[in-house]
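Colleague: coords please:
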Amino acid sequence: MPRFAANLSMMFTEWDFLDRFDAAAAAGFTAVEYLFPYEHPPEAIAERLSRNRLTQALFNLPPGDWARGERGLAALPERADEFRASVATALRYAEATGVGRVHMMSGNADPADPRAQAAWRDATLFAAEAFAAKGIDLLLEPLNTRDMPGYFLGSFDRAAALIGELGLPNLKLQFDCYHRQILHGDVTMALRALLPVTAHVQVASVPGRHEPDVEELNYPFLFQELDRLGYAGFVGCEYRPRAGTLEGLGWFAPYAGRRA
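Modeller: Numbering: from 1, shown residues only. All right, here's what the predicted structure looks like:
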């Protein structure tokens, strides 16, 4: 049975951010993830995790200026120094929260640009080495360019190729079923092929990005498939509730409270 992590950037938004930890735990979640923790002191987040006996499953490296449309720095050669500083920032939060995996967003760049390709590869090497020293996995996640126009990493094949080329034990794939379905389809066969390099899975309905109980993906089947494949990581609930968060948790009832 999968272990689910509530995504506090999309779920429980009826509460202030720090209070979402309490709300998620009260709803039966034993793990959480979110996009970015950086507006709050790491000690404040660590206290909420400890208070609620929550595991920190995942968060992202700083993305640059999110409000201005920046979506990561890794593939931007002119931002290399800023990217390296962002790794140091993320490490402070990782140490405080005990997170075991972090996602490195590539940024908006032309995937055919050799300079962007080289910058992305160099950034991956730098970050993977920095996080390996702390026992933390660095994750690459392909995002669909319908939701994220201009995003550099819009291919599962490209992500898997770099992971295979570099051969670093802590460099893994973040397999978001929502993005996979929009980009390529064939979610089940891709899970079977890519699970050996996958360290985190995320779910949402397609195309609405709501609870994983409607629309074109059969999530009960996919959850069973993850069990059949022996997946032991977290499944992040990165979806926007159709109505209220609590009102939409009927799908989650069979899994509430699961820790192992």
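Colleague: where in this protein is pLDDT low?
Modeller: Within the chain, the ranges that satisfy pLDDT under 70 run 257-260.
Colleague: the helices in it, which residues?
Modeller: 17-26, 42-51, 80-97, 114-132, 156-166, 177-183, 187-194, 219-228 (DSSP state H).
Colleague: the last one to helix 187-194, inter-axis angle?
Modeller: The reference is to helix 219-228. 20 degrees (axes from the mean of the first three to the mean of the last three CA atoms, to 10 degrees).
Colleague: likewise the first one?
Modeller: Using the same axes, to 10 degrees, the inter-axis angle of helix 17-26 relative to helix 187-194 is 100 degrees.
Colleague: touching helix 17-26 from outside, list them.
Modeller: 6, 8, 11-15, 32, 34, 39-40, 44-45, 48-49, 51-54, 245 (CB atoms under 8 Å, 6 or more residues apart in numbering). (C-beta placed from N, C-alpha, C; glycine too.)
Colleague: for Asn60, find the nearest of the helices of the chain.
Modeller: helix 80-97 (8.1 Å; CB to CB).
Colleague: just the buried residues of the contacts of helix 17-26.
Modeller: Applying 16 or more other CB atoms under 10 Å to those, the neighbour count classes Ala6, Leu8, Met11, Phe12, Val32, Tyr34, Ile45, Arg48, Leu49, Asn52, Leu54, Thr245 as buried.
Colleague: and which of those is nearest Glu225?
Modeller: Ala6 (21.7 Å).
Colleague: got a list of what that closest one touches?
Modeller: Phe12, Arg20, Ala24, Ala27, Phe29, Ala31, Val32, Glu33, Cys237.
Colleague: which one (most neighbours) among the residues you listed?
Modeller: Across the contacts of Ala6, neighbour numbers were computed from other CB atoms under 10 Å; Val32 holds the maximum, 31 neighbours.
Colleague: surely that residue meets Ala57?
Modeller: Yes. Using CB atoms under 8 Å, Val32 makes contact with Ala57 at a distance of 6.5 Å.
Colleague: shared neighbours of these two, anything?
Modeller: Common neighbours of Val32 and Ala57 (CB under 8 Å, 6+ apart) are Ala5.
Colleague: neighbours around Arg209, how many?
Modeller: 17.
Colleague: roughly how far does it sit from Gly154?
Modeller: To Gly154, Arg209 is 17 Å away according to CB to CB, to the nearest Å.
Colleague: one more: Arg121?
Modeller: Distance from Arg121 to Gly154, by CB to CB: 16 Å.
Colleague: repeat that for Leu76.
Modeller: In terms of CB to CB, Leu76 sits 16 Å off from Gly154.
Colleague: ok, Val99 - contacts?
Modeller: Gln56, Ala57, Leu58, Phe59, Tyr93, Ile136.
Colleague: list the contacts of Gly150.
Modeller: Gly150 touches Asn108, Ala109, counting by CB under 8 Å, 6+ apart.
Colleague: switch the cut-off to 10 Å
Modeller: Gly69, Arg71, Gly107, Asn108, Ala109, Asp110, Pro111 (CB atoms under 10 Å, 6 or more residues apart in numbering).
Colleague: find the nearest non-adjacent residue to the first one, please.
Modeller: Once flanking residues are discounted, Gly69 sits nearest to Asn108: 7.4 Å by CB to CB, 6 or more residues apart in numbering.
Colleague: that neighbour: neighbouring residues, count only.
Modeller: Neighbour number of Asn108 under other CB under 10 Å is 19.
Colleague: same question for Val235.
Modeller: Val235 has 25 nearby residues by other CB under 10 Å.
Colleague: so what's it closest to, chain neighbours aside?
Modeller: Using CB to CB, 6+ apart, the nearest residue to Val235 is Pro2, at 4.4 Å.
Colleague: does the one you found touch Tyr255 like I think?
Modeller: Yes. Counting by CB atoms under 10 Å, Pro2 does reach Tyr255; the two are 6.8 Å apart.
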